[in-house]
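# Show me the folded form of this:
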Amino acid sequence: KRWQDAVRRADALSIDLQQSSAPLMRQIESTERQNRSRASAWVELETKLRSELEDHVVRNEKLAKENCTYDIDSKRLLRSIGEKDDALVVSASRIEELEDSMTSLTDKYEDVTAELAKLTKDYEKLMTLRKKDESTVRN
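A predicted model of the protein is given here:
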């Protein structure tokens, strides 16, 4: 009889243990499901972030290459601007020389034109005098 009481008590304790631990087991199972769900979400997020990071690294490399190209183009253009500025200075100097030469030639032209006008006038006077002398000699 003691043995039967002990078995009954053991069965009762087993049932009580199962009943009292059932909510805790459900809570543990729920927590495990949440942890699996969270772990899955973390894996997805990590995958997404790694993909975005790779995209950004590729884009950064592309932008760095473009920047390098722009730097090279900028230096080339600045060098070209310097050369064109030098050529502009030379051209401006040449224009100034030509303008001075043109002014000098214009002055000489005016002097020669004035001299020609004077000589033409003198020639006309001489011709007039010659005609008078010829007409005086004929008469």
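# Distance from the chain centre to stretch 62-69, please.
Centroid separation between stretch 62-69 and its chain, computed with CA atoms, centre = their mean, to the nearest Å, is 10 Å.
# That stretch: which residues count as buried?
Residues of stretch 62-69 include none that count as buried (16 or more other CB atoms under 10 Å). C-beta: built from backbone N, CA, C; applies to glycine.
# Alpha carbons only: can I get that stretch in CSV?
C-alpha atoms of stretch 62-69 as CSV (Å, rounded to 0.1, in the frame of the first residue of the first chain):
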residue,chain,number,x,y,z
LYS,A,62,33.0,55.1,-59.7
LEU,A,63,32.7,58.7,-58.2
ALA,A,64,36.4,58.6,-57.3
LYS,A,65,37.3,57.7,-60.8
GLU,A,66,35.1,60.4,-62.2
ASN,A,67,36.7,62.9,-59.7
CYS,A,68,40.1,61.8,-60.9
THR,A,69,39.0,62.3,-64.5
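# what pLDDT, on average, does it get?
For stretch 62-69, mean pLDDT is 97.
# Mind listing residues that contact that stretch?
For stretch 62-69, there are no surrounding residues in contact (CB atoms under 8 Å, 6 or more residues apart in numbering).
# number of nearby residues for Leu24?
When neighbours are defined as other CB atoms under 10 Å, Leu24 has 9 of them.
# what helix or strand does it sit in?
Per DSSP states H and E: Leu24 is located in helix 2-138.
# any idea of the pLDDT on Asp133?
As predicted, Asp133 sits at a pLDDT of 88.
# change the start of the numbering to 31 and stick with it
Noted, 31 is the first residue going forward, which turns the last one into Asp163.
# measure it to Leu156 for me?
Using CB to CB, to the nearest Å, Asp163 is found at 10 Å from Leu156.
# now swap in Ser44 and tell me
Going from Ser44 to Leu156 by CB to CB gives 159 Å.
# ok, back up a step: return the distance of the helix holding Leu54 from the chain's centre.
0 Å.
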